[in-house]
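**Student:** Have a look at this prediction, sequence included:
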Amino acid sequence: MRALIVEDEVLAAMHLEATLEDLGITSIGIAADQPNALRLAAEAPDLAFVDLNLRDGFTGPRIAATLADQGVAILFVTANPGQLGAARSLAADVIDKPFDDARVVSAVRSVAAARGLQPGA
């Protein structure tokens, strides 16, 4: 599996990337804003971890919609789940910040099972 991380908090993004690598998931990159997220989307991730509020504002829901249209599973990672609104329908899961590794692993395994994939594949 290949993952895109859309997160502007560097430490949170690096922690998430390390957790994914421990699962055998390849990170195609970290994007802190919409232009970089959409550029990395060309790398065809299987899933994307998307924060709502990024360096360029409340762009997470728009990024998630574009990725979902490409068949990417969306996992919102946010400290403000109440802001999801209609974007909640795009989500395979919503992970509250601060997150722990077990919660991320559970969400990834759920997405992998729903798509018939192995996390490390």
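**Tutor:** Great, that's in hand. Model, not experiment: these values are computed from the prediction.

**Student:** gap between the residue most central in space within the chain and residue 73?
**Tutor:** When the chain is reduced to its mean C-alpha position, the nearest residue by Cα atoms, centre = their mean turns out to be residue 49, at 0.8 Å. Distance, residue 49 to residue 73, by Cβ to Cβ, to the nearest Å: 10 Å. To be clear about C-beta, it is placed using only N, CA and C from the backbone, and glycine gets the same treatment.

**Student:** packing partners for the longest helix along the chain?
**Tutor:** If you go by DSSP state H, the chain has its longest helix at helix 101-115. Helix 101-115 is packed against helix 10-22, strand 73-78, strand 91-96, with contacts defined by 3 or more Cβ pairs under 8 Å, 6 or more residues apart in numbering; DSSP states H and E.

**Student:** What residues sit buried inside it?
**Tutor:** 104, 107, 108, 111, 112 (16 or more other Cβ atoms under 10 Å).
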